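Undergrad: make a model of this:
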Amino acid sequence: MGAIFWPSIAAHSAIVLTVKQDGNDVVVSGSGSANTTDLPTPTSILDYTNVLYFNQIYAGPAAFEDIPPAFPVDQWSGITGPHSISNDPLIIATNPTSGSGDLFGVVADNGSGESLLVLPLNYVSGSSLSGTSRFEDYTLSDLGLSPGVFFWSWGTNGNVDSFELKIEAVPVPAPLPLAGGAVAWRLAKRLRRVSRGQRLQNFSKFPRSTQ
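TA: Numbering: from 1, shown residues only. This next block holds a predicted model:
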């Protein structure tokens, strides 16, 4: 799946969630706040950070499916944005995951064509959020994620707000020819010097003509 960009209708995103490869792991981290004034009453559920299900992705403390702990969150409908962030509809990270902070994120599609904003239980509008979760021994490809930037927005007038998800590309090492360019140039220069010295040495072996 190629990068998907959703037009931003706000000057900035109040919540920014970043996903990137960190060695052998994938790290999800984010911070910000949300203005929920114009959103409908949320639905409270228990949720998990280690599941990418219906294109959901969260930052926050380690929370597993099937075993404790699971964390209570509020899911808020009424947001508009892309309905896909992943090319795999269901991924459960069976390896242990770790994390800290608040559990929050987004469900791109809840299975009924709705996007959901996920915030801590009893979240107070405008409160600060910060959290990190880690998928150990996974790559972005394993999780069905491709680099891209995604936006969801909601609210009207002074209550307009937004959520941004950034999936960063894996850094590519510099090509070897570029890294070895300076060494190759110095070697070529030295060979030219040796060749020139050899020619002068050979020329000196022959007597000069007196005519």
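Undergrad: what ranges do the helices span in the protein?
TA: If you assign secondary structure with DSSP state H, the helices in the chain sit at 176-179, 181-204.
Undergrad: any weak-confidence spans in the chain?
TA: Screening the chain residue by residue with the criterion pLDDT under 70, one finds the ranges 1-13, 66, 89, 174-211.
Undergrad: can you give me the strands in it?
TA: With DSSP state E applied, the chain shows strands at 15-22, 25-32, 43-47, 51-53, 56-59, 71-79, 90-92, 97-101, 104-107, 115-120, 129-135, 148-154, 161-167, listed in chain order.
Undergrad: so what strands line up beside the fourth one?
TA: For strand 51-53, the paired strands and their directions (DSSP bridges) are strand 90-92 (antiparallel).
Undergrad: chain center to the partner strand, what's the gap?
TA: Here strand 90-92 shows a centroid-to-chain-centroid distance of 18 Å under the convention Cα atoms, centre = their mean, to the nearest Å.
Undergrad: got the contact list for it?
TA: Contacts made with strand 90-92 from outside it, assessed by Cβ atoms under 8 Å, 6 or more residues apart in numbering, are listed as 50-54, 65, 142-144. Backbone N, C-alpha and C define where each C-beta goes, glycine included.
Undergrad: biggest separation within these, which pair?
TA: Pairwise distances across the contacts of strand 90-92 (Cβ to Cβ) peak at 18.0 Å, for the pair 54 and 142.
Undergrad: okay, the two: which has more neighbours?
TA: residue 54 (18 against 13; other Cβ atoms under 10 Å).
Undergrad: got a list of what the more buried one touches?
TA: Remark: with contacts taken as Cβ under 8 Å, 6+ apart, residue 54 is in contact with 89-90, 107-111.
Undergrad: quick revisit: so which of the contacts of strand 90-92 is the most crowded?
TA: Neighbour counts for the contacts of strand 90-92 (other Cβ under 10 Å) peak at residue 50, which has 22 neighbours.
Undergrad: what sits against that residue?
TA: Contact criterion Cβ under 8 Å, 6+ apart gives 62-65, 92-93, 97, 133, 135 as the residues in contact with residue 50.
Undergrad: swap in 10 Å and give it another go.
TA: The neighbours of residue 50, taking Cβ atoms under 10 Å, 6 or more residues apart in numbering as the test, are 58, 62-65, 91-99, 133-136.
Undergrad: give me the buried entries from these.
TA: Buried residues within the contacts of residue 50, defined by neighbour count using 16 or more other Cβ atoms under 10 Å: 58, 62-64, 91, 93, 97, 99, 133-135.
Undergrad: on that earlier part again, closest to residue 31 out of the contacts of residue 54?
TA: When these are compared for distance to residue 31, the smallest value, 19.3 Å, is given by residue 107; criterion: Cβ to Cβ.
Undergrad: I'd say the closest one and residue 75 touch.
TA: Yes. The pair residue 107 and residue 75 passes the contact test of Cβ atoms under 10 Å, sitting 6.9 Å apart.
Undergrad: who has more neighbours out of these two?
TA: A count of neighbours by other Cβ under 10 Å puts residue 107 above the other of residue 107 and residue 75, at 25 against 18.
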